[in-house]
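> What would the 3D arrangement of this be:
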Amino acid sequence: MAKAEASVEELVSMIERGELRLPEMQRRYVWRSTRVRDLLDSLYRGYPSGAILLWESNETVTLQDFSVTQQATAYQSTRLLLDGQQRLTSLSAVIRGEPVSVRGRRRPIEILFNLDHPDQLAVVTEVNEDEEDDDDLIEDEADSSEDELQRRFNRMTFVVTTRKLEQLPQWIKVTDVFKTDSDASFLKRAGVKGFEDARYEKYSHRLARLRSIRKYVYRMDVLERKLSYDEVTEIFVRVNSLGAKLRSSDLALAQITAKWRNSLKIFQAFQEQCAKAGFDLELGLHLKNMIAFATGQSRFLTVGNLSLETLQQAWKESCEGMEFALNFLKNNAHIDSPALLSSPFLLVTLAYFGHKRDYQLAPEDAERLRFWVLVTNAKGRYSRGSSETILDQDLSIIKQVAGVSELIDRLRQQVGRLDVVPEELEGRNQRSALFKTMFLVFRKSGAKDWRSNLSIALDHSGSQHRLQFHHIFPKAVLKSSYSPREADDIGNLAFIGGKTNRAISDKPPVSYFPGLLEKAGQSPFTAQCIPTDPALLDVPSYKAFLTKRREVVAQRINEFLGTSLQSQEAA
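Prediction:
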């Protein structure tokens with residue numbers, strides 16, 4: 001294995017000219033803008049940024065497209081990028097000003113640089129290239145005034161672009177800096193009128209330091225040409241397994257594509273089909289579903305032993321199963337987004353269940369399966385302990401008896417009781433499975449935004465109406481008396497639009513509730529189980545407010561799930 005070095009500028013040029021390509025074994029580009037922001041900050045400070053792994057090959061290798069545009073290449077030999085795709089795609093997009101393709105959408109990565117950032121590091125962020133972000137159910141907007149937000153931004157060196165910050169003279173677009181070696185326009189915009197200005201030297205030095213990111217040198221490990229595709233796949237799997245850099249699904253994909261050439265396009269086509277149906281799922285979940293159909297268990301450890309014919313048949317059957325699962329979830333359980341799932345593993349169980357029943361369910365079985373889906377989701381069955389072990393237990397039950405009653409019994413053994421008691425809500429926050437169920441409950445109850453009267457939904461357009469979770473008692477009014485954990489309690493969260501949230505800002509409920517009650521009446525609060533007794537709305541009564549609301553929320557959840565004593569016995 002040869003050693004080499006290349007600057008960021010050289011690597012970006014190699015991508016643009018088509019000299020550096022992606023083999024089929026690689027996963028897609030997954031980074032969010034915040035990850036790119038943190039990478040730029042690290043390179044700006046000269047921090048280490050890992051190595052790049054390449055393979056120079058004359059072999060005909062199945063390729064996939066980078067998420068940024070490339071020119072056609074006339075080179076017979078190809079340099080294939082095995083490790084470093086996320087970093088180099090991000091840097092290529094920012095330096096070239098190129099949009100990236102992420103989950104079927106093309107968008108630019110827009111990062112702003114603060115010419116007036118603090119000299120010392122004010123925010124410490126660890127960048128892990130291969131750890132993908134989890135999607136939150138709903139946006140969270142801090143209950144802070146604009147001045148407080150601005151002070152927070154001023155402590156940062158790089159931020160993801162916002163319209164307001166774009167207008168401020170000291171904030172400049174990173175891509176614009178890379179496009180020119182002249183500082184004049186940036187200094188003029190910042191109000192620097194000449195050499196005598198004390199900021200001239202400081203800002204000029206910082207702009208030069210930002211541009212020097214192009215000169216950052218990556219160490220490259222280059223695999224030799226004589227290696228076969230199968231050998232390189234094995235190296236890819238071993239290197240990433242030892243370094244724990246990639247998830248098991250990424251390593252499984254490498255092994256699968258080594259046996260089944262051009263299969264990535266087949267997998268991605270079905271992934272896109274599901275996304276159009278409202279379920280944009282990780283490719284790894286579809287692969288896990290395929291393995292479940294091939295082996296009756298979900299782990300990728302056996303993928304290397306499966307024949308091409310087995311993989312192809314399992315893929316065909318698993319796609320049919322996933323279509324059943326999505327249809328059941330949306331139309332029977334009324335869960336219409338993966339953001340409302342406590343774990344996507346639930347889809348694998350549903351798909352396998354439908355397959356084993358030959359997609360024929362009696363009305364009573366369909367109703368019991370719906371009950372199992374809702375309670376499993378609310379209790380977070382696949383989010384407790386070893387999720388793959390729990391999934392395999394359910395797959396085994398289905399393989400042996402394919403019965404809903406057995407699935408419900410297994411769930412009861414795990415969680416004890418199927419109904420929700422108020423104490424279960426205590427200490428839970430927006431990442432809890434019960435938070436997602438709470439949204440389903442309130443949506444069914446007809447909950448609406450308190451000002452616009454729009455029904456709460458995940459797909460509202462525009463920042464004014466986009467759904468956010470709101471702290472009924474804003475954090476700002478609680479911070480002197482209660483911990484952040486207490487402030488984030490699920491009993492303190494409600495669902496409203498962004499404009500309403502910003503209008504309330506950091507006002508206590510004893511202040512803003514009366515006006516809302518006068519205009520909208522009691523129903524918007526009743527729909528979200530929010531007590532409006534004035535005695536519970538001041539800060540000293542916060543814990544009493546939480547206790548009361550948890551009681552009402554738990555009761556409403558049980559009505560929604562059908563987890564009364566009678567319904568449990570019927571199940």
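> which stretches of the stretch 401-550 of the chain aren't confidently modelled?
Applying pLDDT under 70 to the stretch 401-550 of the chain picks out residues 461-465.
> Hmm, residue 379 and residue 418 touching each other?
Yes: under the criterion of Cβ atoms under 8 Å, residue 418 makes contact with residue 379 at 7.5 Å. Heads up, the C-betas are built off the backbone N, CA and C, glycines and all.
> Name the residues contacting each of these two.
residue 411 (Cβ atoms under 8 Å, 6 or more residues apart in numbering).
> Okay, strands next: where are they in the chain?
Counting by DSSP state E, the chain has strands at residues 2-7, 20-23, 51-57, 63-64, 78-83, 100-102, 105-107, 111-114, 139-140, 158-160, 171-173, 217-223, 467-471, 493-497.
> roughly how far apart are the spatially closest residue to residue 415 that is not a sequence neighbour and residue 359?
Leaving aside its sequence neighbours, residue 415 sits nearest to residue 379 (Cβ to Cβ, 6 or more residues apart in numbering; 4.7 Å). Applying Cβ to Cβ, to the nearest Å, the value for residue 379 to residue 359 is 26 Å.
> Quick one: residues contacting the closest residue to residue 290 other than its chain neighbours.
With Cβ to Cβ, 6+ apart as the criterion, residue 290 has its nearest non-adjacent residue at 4.4 Å, and that residue is residue 318. Contacts for residue 318 (Cβ under 8 Å, 6+ apart) come out as 286, 289, 290, 292, 293, 351.
> at 10 Å instead, please
Contact analysis of residue 318 by Cβ atoms under 10 Å, 6 or more residues apart in numbering lists 270, 286-294, 325, 348, 351-352, 355.
> Residue 54 now?
2, 4, 6, 11, 14, 20, 78-84, 220-223.
> Give me the buried entries from these.
For the contacts of residue 54, a burial check counting by 16 or more other Cβ atoms under 10 Å picks out 6, 11, 14, 20, 78-84, 220-223.
> coming back round to it: residue 379 and residue 359: which has the busier surroundings?
Using other Cβ atoms under 10 Å as the criterion, residue 379 and residue 359 rank with residue 379 on top: 25 against 14.
> got a list of what that one touches?
With contact set as Cβ under 10 Å, 6+ apart, residue 379 has these partners: 342, 411-412, 414-418, 420, 424, 433-434, 437, 561, 563.
> Out of the residues you listed, which sit inside helices?
Mapping the contacts of residue 379 onto helices (DSSP state H) picks out 411, 412, 414, 415, 424, 433, 434, 437, 561.
> So how do I select the buried members of the residues you listed in ChimeraX?
A single ChimeraX command selects the buried members of the ones in helices among the contacts of residue 379 (16+ other Cβ under 10 Å):
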select :411,415,424,433,434,437,561
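> Can I get the ones in helices among the contacts of residue 379 in JSON lines including distance to residue 187?
Output for the ones in helices among the contacts of residue 379, formatted as JSON lines (distance: Cβ to Cβ, whole Å):
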{"residue": "411", "distance to residue 187": "64"}
{"residue": "412", "distance to residue 187": "68"}
{"residue": "414", "distance to residue 187": "63"}
{"residue": "415", "distance to residue 187": "62"}
{"residue": "424", "distance to residue 187": "58"}
{"residue": "433", "distance to residue 187": "52"}
{"residue": "434", "distance to residue 187": "53"}
{"residue": "437", "distance to residue 187": "54"}
{"residue": "561", "distance to residue 187": "62"}
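> Pick the one among the ones in helices among the contacts of residue 379 closest to residue 207.
Distance to residue 207, by Cβ to Cβ, is smallest for residue 433 among these, at 47.6 Å.
> give the contact list for the closest one.
Residues near residue 433 by Cβ under 10 Å, 6+ apart: 341, 342, 343, 376, 377, 378, 379, 380, 381, 382, 383, 384.
> now, which of those sits nearest residue 509?
Proximity to residue 509 was ranked across the contacts of residue 433 by Cβ to Cβ; first place goes to residue 378, at 26.9 Å.
> since we're on that closest one, how many residues are nearby?
The tally of other residues near residue 378 (other Cβ under 10 Å) stands at 27.
> Quick check: it touching residue 425?
No: between residue 378 and residue 425 there is no contact under Cβ atoms under 10 Å: 11.2 Å.
> what residues are shared contacts of those two?
432, 434, 438, 557.
> Turn those residues into a markdown table, including distance to residue 50.
Below are the shared contacts of residue 378 and residue 425 laid out as a markdown table (distance: Cβ to Cβ, whole Å):
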| residue | distance to residue 50 |
| --- | --- |
| 432 | 34 |
| 434 | 39 |
| 438 | 41 |
| 557 | 45 |
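> For PyMOL, write the select line for the buried members of those residues.
To isolate the buried ones among those in PyMOL, judged by 16+ other Cβ under 10 Å, type:
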select buried, resi 432+434+438+557
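> Just name the closest of the shared contacts of residue 378 and residue 425 to residue 88, please.
residue 432 (37.0 Å).
> coming back round to it: which of the contacts of residue 433 sits closest to residue 187?
residue 341 (50.4 Å).
> Low-confidence ranges, this protein, go.
Along the chain, the model assigns pLDDT under 70 to residues 1, 73-77, 121-150, 238-247, 385, 461-465, 564-571.
> Identify each buried residue in the top helix by length along it, please.
In the chain, with assignment by DSSP H, the single longest helix is helix 308-331. Neighbour-count burial for helix 308-331 flags 311-312, 314-315, 317-319, 321-326, 328-329 (criterion: 16+ other Cβ under 10 Å).
> Next one: the residue sitting furthest away from the middle of the chain from residue 253, what distance?
Relative to the C-alpha centroid of the chain, counting by Cα atoms, centre = their mean, residue 196 is the outermost residue, at 47.9 Å. To residue 253, residue 196 is 59 Å away according to Cβ to Cβ.
> ok, the buried ones among the contacts of residue 54 vs residue 68, which is closest?
Nearest to residue 68 among those is residue 20, at 11.1 Å by Cβ to Cβ.
> Double-check that closest one against residue 80; I have them as touching.
Yes: at 7.8 Å, residue 20 counts as touching residue 80 under the criterion of Cβ under 10 Å.
> Can you give the distance from stretch 346-359 to the centre of its chain?
Remark: stretch 346-359 is offset 25 Å from the chain centroid, using Cα atoms, centre = their mean, to the nearest Å.
> List the buried residues for it?
346, 347, 348, 349, 350, 351, 352, 353, 354, 355, 356, 357.
> Any figure for the gap between the last one and residue 394?
The one in question is residue 357. Taking Cβ to Cβ as the measure, residue 357 and residue 394 are separated by 14 Å.
> Give me the neighbour count for residue 32.
A total of 14 residues lie near residue 32 under the criterion other Cβ under 10 Å.
> For it, grab phi and psi.
The phi/psi pair for residue 32 (degrees, to the nearest 10) reads phi -90, psi 170.
> do you know how far it is from residue 344?
In terms of Cβ to Cβ, residue 32 sits 19 Å off from residue 344.
> Now do the contacts for residue 298.
288-289, 291-292, 345, 348-349, 352, 387-392, 394-395.
> Of those residues, keep whichever come out buried.
The neighbour count (16+ other Cβ under 10 Å) marks 288-289, 291-292, 345, 348-349, 352, 388, 390-392, 394-395 as buried among those.
> now, among the residues you listed, which is nearest to residue 515?
Closest approach between the buried ones among the contacts of residue 298 and residue 515, by Cβ to Cβ: residue 345, at 44.5 Å.
> ok, and the closest non-adjacent residue to that closest one?
Leaving out its chain neighbours, the residue that sits closest to residue 345 by Cβ to Cβ, 6+ apart is residue 382, at 4.1 Å.
> now do residue 563
residue 419 (3.9 Å).
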